[in-house]
Every structure is written in structure tokens, then in C-alpha cells.
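Asks: after the sequence you'll find the predicted model.
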Amino acid sequence: MFVALALTAFVVVLIRPQRLADSPRVAAFLLVKVFVTTFTVVVLLALTSSYATLYRDIPNQFTLSLVVICLSLLLYALTANPLVHLVFGIRVVAGIAAGPFTFIPDLFAAFAVLLLLYQSYR
């Protein structure tokens, strides 16, 4: 949580939210999104590390699926973060990234859901 707060404070101080959006309200929503997605990335990194350790101890298909699902959700959270859009030069209009970042996060989420569905029928 502290990492997410620190990164959001960094955005407020150095990047200036007004550069991220056209209106102050959208800029505030983007700051909340930066915090939430950064927090999610940190939690998923810890969870992925935990499941990877578990997979080393108990190498079976189920624990491998947990690792892959966590990695997919991690990529989802990373590609949904407005800071990643800023790094790649993607313009954010009304809180929505233009270009491929409009659907790339959903592809990672869809992959995770398909893997969960596969595991439930196994």
C-alpha cells in the first residue's frame, strides 16, 4: 500500500495530473486509478511470488495454473495503469486510453478467466 501511495504522490508532485487529462475531475479519477492499479500490481507480485514458491515445492498442474493466472492478472493491472499509458505516449481522453491500451488489459483478463474455466472443468 505504501508503494502505491508513494507512486501516486510522485505523480501528483512531478507529473501534475492536469497533464494526464483535460479536466480536474478526470485528473482526480486518474489519480485514483493510478493508486488502485499500482496497489493491485504490488499485491499480485506478492501473490505470484507465493504461488511460484508453492509450485517449486509442489509442482503440479493446479499450482502452475495459479502462477499463470496471477501473471495474467499482473499484466492486466500493469497495462491498465495510466502511468504505463503515459510512458508509451498513449493519450488518455476522458479517463480512457486511446489505441491498443483500450483492449489489451481485457485480453489478459480474458485469458485468466479462460484458464479458471479450464481448471474448473478438469
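Replies: Structure received.
Asks: so the nearest residue to residue 111 once chain neighbours are set aside is in which element?
Replies: In this structure, residue 111 finds its nearest non-sequential neighbour in residue 72, 4.9 Å apart by C-beta to C-beta, 6 or more residues apart in numbering. Heads up, the C-betas are built off the backbone N, CA and C, glycines and all. According to DSSP states H and E, residue 72 maps onto helix 61-80.
Asks: distance of residue 102 relative to residue 88?
Replies: To residue 88, residue 102 is 13 Å away according to C-beta to C-beta, to the nearest Å.
Asks: could you give the angle of the lengthiest helix in the chain to helix 61-80?
Replies: Counting residues, the longest helix found in the chain (DSSP state H) is helix 24-57. Per axes from the mean of the first three to the mean of the last three C-alpha atoms, to 10 degrees, the angle that helix 24-57 makes with helix 61-80 is 160 degrees.
Asks: how near is the residue nearest to residue 111 to residue 112?
Replies: Residue 72 is 4 Å from residue 112, where distance means C-beta to C-beta.
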